[in-house]
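Colleague: generate coordinates for the sequence data below:
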Amino acid sequence: MDNQKRETVSSLFAIAASLERKWTNDWNTHNSLGFSKTHILLLEFLSTEGPKRPSAIAEHLQVTSGGVTVLTTKLLKSGFIEKTQQTTDRRASQIAITEQGEELLEQSKQQIEALVTNMFGMLSHEELVTLRDIFTKCLTK
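Modeller: Sure, this is the predicted structure:
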């Protein structure tokens, strides 16, 4: 890799890190629900995929099993998810979203829509497609 390309890639890393911080700050600033974006991603996963074992949640969210425990504890206490034991193997549990969790997820979609508009509203559809394709290409290499 030549120097010019190396410098451009280096600045890309800095921009990506800054964008992540900005998006996290925007979420935290406009979040009136009291849950992190990872909590909402967890609810979305359970809503679309159905009940899941903690290990599947950890893999999907790319967190540790301890991270899943931290995430689910707050949602369990609030009644947004429920934990059940499998009848065939009582050591195995599954996490499912509750009706209250579905309602919270619906409320969060309004906040997410505003955040996404703030983050990407200035881009055309074609630019968004190009950006998605570039990110996808980077992930598949």
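Colleague: please give the element, helix or strand, for the residue nearest the centre of the chain.
Modeller: By CA atoms, centre = their mean, the chain has its centre lying nearest to residue 41, at 3.8 Å. Per DSSP states H and E: residue 41 is located in helix 37-49.
Colleague: quick one on the thing from earlier: tell me the contacts of the residue nearest to the centre of the chain?
Modeller: Applying CB atoms under 8 Å, 6 or more residues apart in numbering to residue 41 gives the contacts residue 61. Any C-beta I mention is one placed from the backbone N, CA and C, and that applies to glycine too.
Colleague: and the next element down the chain from the helix holding residue 41?
Modeller: Downstream of helix 37-49, the next assigned helix or strand under DSSP H and E is helix 54-61.
Colleague: what's the longest helix in this structure?
Modeller: Secondary structure of the chain per DSSP state H: the longest helix is helix 3-30.
Colleague: tell me the angle it makes with helix 37-49.
Modeller: Angle of helix 3-30 versus helix 37-49, following axes from the mean of the first three to the mean of the last three CA atoms, to 10 degrees, is 90 degrees.
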